[in-house]
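Undergrad: structure of the sequence below:
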Amino acid sequence: MGVRLRAGLSVVLLIGFFVLITGLIAGFAGLAIYALATGRLAGIKLVIVAGIVIFAIGGALYKVLKHRPQPHGAAITRAEQPELWRMIDELAVIANTRGPDEIRLVPEVNAAVWEDSKLLGLRPGRRYMEIGLPLLAGLTTSELRAVLGHELGHYSHGHTKYAAVTYRASATMAHTVDGLDGLIGWLMRMYMKLYFLVARSANRAQELQADALAVRAAGKSAARSALGKMPTLDMAWAHFNRSYVGLVGQAGRTPELLLGFNSYLTNATRRAELAQLQGGMLDAEPASKYDSHPPIRVRIATIDQMAEPDQAADNRQAWALLRQPERTVPQLESQLLISDLGPRASWEEIVRLAGAAIDKNNAETLTKLATNSGITQTGSLDEVLTAIEQGKGLAIASPVLDDDMHPHDKQQAAVEVLTQLVSDTISLALISSGRAAYQLDWSGPMRLRLTDGSVLNLPELVEPAIAEPVQIPVLREWIARMGVIAQTAVAQQSSKWTYNPSAR
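TA: Residues are numbered from 1 along each chain as shown. Below you'll find the model as predicted:
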């Protein structure tokens with residue numbers, strides 16, 4: 001079955017749904033009027049049922065028609081980025097379609113096109129293209145051409161107009177069915193399943209159709225490579241945000257997102273990890289008849305069968321399409337980030353400041369836990385270690401533990417909490433005295449490095465003593481050798497519990 005035929009059939013089913021609903025309403029209304037006219041009590045029940053159906057449809061239709069997508073992200077103007085616009089204009093010619101009126105940079109691993117059309121997509125409107133910031137760091141220029149060629153393929157074949165119709169009508173259908181119960185609700189849900197079965201089949205065929213434009217735009221190799229990268233790139237971006245972008249609030253600085261993500265991706269350890277994961281992720285990708293996209297492995301296999309000749313690869317980083325990226329990229333990124341993060345800084349500085357801030361927070365928390373429990377007077381490290389040696393560690397950590405935990409689990413959790421808090425207290429003392437600082441490491445967690453160049457793994461040193469308090473004297477001896485002042489308590493800056501166990 002051809003793409004147009006599938007899409008046409010799905011529209012017919014949509015029309016059929018509303019015809020069916022209208023018929024049911026008219027039938028119920030007619031029966032209700034007849035029953036009321038003949039004085040039968042059942043007519044009142046029919047009036048109520050008809051009213052519920054009418055209200056459900058009217059309310060759903062109002063909600064969906066009222067909603068209109070809004071552009072988001074940072075606008076990329078033609079004057080600022082002529083080379084990127086020139087490439088997209090060229091791709092629009094290849095796709096034989098009108099290109100976007102506006103291009104926006106968004107903070108997701110995605111590219112998309114949509115049209116602010118009128119009359120449920122029947123009347124053309126302003127066209128938008130969204131390009132994910134991570135794609136500029138993670139794809140080559142040829143791979144980005146393939147991705148954007150695919151998106152323009154959706155314009156070329158009228159997919160965006162079809163999507164506008166089916167999106168709003170499908171949402172109306174779902175809202176309507178949610179408001180119906182009983183036999184009518186069951187029948188409508190079955191009908192909706194049939195519609196989605198056909199509509200998603202059309203969506204999958206449209207994706208393959210757009211993939212053909214990706215091949216024409218950049219060649220089979222680039223199209224295949226870009227598709228294969230997307231799942232691991234998405235996972236890498238999520239991890240980068242958790243592990244590194246999550247530090248910027250602690251540092252009070254604005255990061256270089258694009259450069260940072262590229263450094264993350266090109267790190268030898270990360271590159272090997274992602275390459276190892278890529279094949280497994282594609283093999284494990286689920287497939288369902290209700291999916292809007294075919295599995296990537298199916299799309300790659302389809303590309304391999306195309307007769308289109310391959311093209312010479314442009315292996316420059318995709319951000320090479322941007323003019324003066326050192327100036328324009330920070331401006332674009334600033335529109336994607338939460339405002340007022342602070343002055344711009346290198347990732348090295350952000351890690352150094354964030355690590356010290358996290359240590360300070362956790363050291364304050366340890367002091368607070370120790371003094372509020374009544375177990376220590378000042379909450380100094382020396383007093384805390386004495387309390388742990390006396391078997392009072394659980395009592396100190398209890399306020400930040402879940403009350404419902406099993407006693408054994410609670411004891412283990414207390415060891416983990418105290419290990420981190422004591423480690424961070426020691427780390428803060430070393431940083432404050434200028435003998436250590438946190439160092440950026442794109443292959444893993446930030447490292448605490450001493451001024452002699454050695455890396456210090458404090459939790460590894462502290463945990464045995466917290467788990468087995470008889471070893472506290474060994475830890476004390478090491479602390480004394482390092483010159484840490486264990487008698488000093490960290491001043492409490494807040495009355496809130498802000499223990500941060502996983503910031504690093």
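Undergrad: need the next SSE after the helix or strand containing Q278, C-terminal direction.
TA: Using DSSP states H and E, Q278 sits in helix 268-284. Remark: after helix 268-284, the chain's next helix or strand is helix 296-304, criterion DSSP H and E.
Undergrad: can you dump the C-alpha coordinates of whatever helix or strand comes next after that next one into CSV?
TA: Downstream of helix 296-304, the first helix or strand assigned by DSSP H and E is helix 325-334. Extracted as CSV, the C-alpha positions of helix 325-334 are listed here (Å, rounded to 0.1, in the frame of the first residue of the first chain):
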residue,chain,number,x,y,z
PRO,A,325,31.3,30.2,16.4
GLU,A,326,33.5,31.6,19.2
ARG,A,327,31.2,34.7,19.2
THR,A,328,27.8,33.5,17.9
VAL,A,329,27.6,30.2,19.7
PRO,A,330,27.8,31.7,23.2
GLN,A,331,25.1,34.2,22.3
LEU,A,332,22.8,31.3,21.1
GLU,A,333,23.6,29.2,24.1
SER,A,334,22.7,32.0,26.5
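Undergrad: which residues are contacting helix 325-334?
TA: 74, 76, 80-81, 105, 133, 254, 256-259, 319, 322, 344 (C-beta atoms under 8 Å, 6 or more residues apart in numbering). From N, CA and C alone the C-beta is placed, and that goes for glycine too.
Undergrad: tell me what the helix or strand just after that helix is packed against?
TA: Following helix 325-334 in sequence order, the next helix or strand is helix 347-372 (DSSP H and E). Judged by 3 or more C-beta pairs under 8 Å, 6 or more residues apart in numbering; DSSP states H and E, helix 347-372 is in contact with helix 248-251, helix 257-266, helix 381-389, helix 393-397, helix 407-432, strand 436-439.
Undergrad: how about helix 347-372: buried residues?
TA: Neighbour counts over helix 347-372 (16 or more other C-beta atoms under 10 Å) mark 347, 350-371 as buried.
Undergrad: just give the nearest non-adjacent residue to T425, would you?
TA: A363 (4.2 Å; C-beta to C-beta, 6 or more residues apart in numbering).
Undergrad: D441 now?
TA: R447 (5.1 Å).
Undergrad: tell me how far that neighbour lies from P407.
TA: Distance of R447 to P407, given as C-beta to C-beta, to the nearest Å: 36 Å.
Undergrad: who's more crowded, those two?
TA: In this view R447 and P407 are compared by other C-beta atoms under 10 Å, and R447 has more residues nearby, 17 against 8.
Undergrad: who's in contact with that one?
TA: Counted by C-beta under 8 Å, 6+ apart, R447 has contacts Y438, Q439, D441, V455.
Undergrad: relative to E115, how far out is the residue nearest to T425?
TA: Separation of A363 from E115 (C-beta to C-beta): 55 Å.
Undergrad: do the same with R104
TA: For R104, the distance to E115 - C-beta to C-beta - is 14 Å.
Undergrad: joint contacts of those two?
TA: Y128.
Undergrad: please identify which of those two sits among more neighbours.
TA: Under the criterion of other C-beta under 10 Å, the comparison of R104 against E115 puts E115 first, with 23 against 18.
Undergrad: ok so the more buried one is a helix residue?
TA: No - if the criterion is DSSP: H, G, I helix; E, B strand; the rest coil, then E115 is strand and not within a helix.
Undergrad: which strand residues bridge it?
TA: With DSSP bridges as the criterion, E115 is bridged to R127.
Undergrad: quick one: pLDDT of it?
TA: pLDDT, E115: 80.
Undergrad: could you do S398 as well?
TA: If you check S398, the pLDDT there is 93.
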